[in-house]
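# starting from these lines, generate the structure:
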Amino acid sequence: MLETCTFCKIVRKEASASPVYEDEKVIAFLSIQPVNIGHTLVVPKKHYENIYEISEREVMHLYKIVKKVAYAVKNAVSAEGIRIVQNNGEAAGQMIFHLHVHVIPMNKQHSFLHHRTIRDTTALEKDATRIKRFI
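Have a look, this model is predicted:
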């Protein structure tokens with residue numbers, strides 16, 4: 001854990017939070033800057049800056065809890081849908097550099113940007129080939 005990390009402080013109970021779930025590896029608590037009521041953050045207790053640092057085993061447990069929390073949030077606030085978001089790096093919108101997953105309840109009246117670019121089949125194949133090299 002890092003001394004100055006806000007989420008590590010929450011894990012150590014040195015900072016306040018409104019937890020909805022906790023086990024030996026993960027804590028989930030309400031966002032203090034929610035997109036919508038019920039917006040919850042699911043955080044591994046061990047400090048990882050991003051998705052690239054966490055082991056596959058630990059990320060499987062993290063997402064098992066994300067699913068559990070998503071179900072609970074959906075039912076608790078009568079959401080029509082749930083948005084799951086996990087940002088990696090400043091360019092992707094990560095603001096706290098401790099891995100975390102946003103569970104955001106959504107209804108049809110909630111709007112967010114839909115930025116779509118149409119790619120032709122040839123371009124998609126080239127994109128897929130580049131990505132496959134790293135898998």
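# so the residue most central in space within the chain bridges to which residues?
Among the residues of the chain, the one closest to the centroid is V101, at 1.4 Å (C-alpha atoms, centre = their mean). Taking DSSP bridges as the rule, V101 bridges to V42.
# residues contacting it?
By C-beta atoms under 8 Å, 6 or more residues apart in numbering, the contact set of V101 is L41, V42, V43, L62, Y63, V66, I84, V85, Q86. Glycine gets a C-beta too; all of them are placed from N, C-alpha and C.
# where's the spatially most distant residue from the centre of the chain, which helix or strand?
Centroid-distance maximum for the chain: T122 at 32.2 Å, with C-alpha atoms, centre = their mean. Taking DSSP states H and E as the definition, one finds T122 inside helix 121-132.
# kindly export that helix (C-alpha atoms) in PDB.
Provided in PDB are the C-alpha atoms of helix 121-132 (Å, rounded to 0.1, in the frame of the first residue of the first chain):
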ATOM      1  CA  THR A 121     -13.400  -4.600 -43.100                       C
ATOM      2  CA  THR A 122      -9.800  -4.100 -44.400                       C
ATOM      3  CA  ALA A 123      -9.100  -1.600 -41.600                       C
ATOM      4  CA  LEU A 124     -10.600  -3.800 -39.000                       C
ATOM      5  CA  GLU A 125      -8.500  -6.800 -40.100                       C
ATOM      6  CA  LYS A 126      -5.300  -4.600 -39.800                       C
ATOM      7  CA  ASP A 127      -6.400  -3.500 -36.400                       C
ATOM      8  CA  ALA A 128      -7.100  -7.000 -35.300                       C
ATOM      9  CA  THR A 129      -3.700  -8.200 -36.600                       C
ATOM     10  CA  ARG A 130      -1.900  -5.500 -34.600                       C
ATOM     11  CA  ILE A 131      -3.700  -6.400 -31.400                       C
ATOM     12  CA  LYS A 132      -3.300 -10.100 -31.800                       C
END
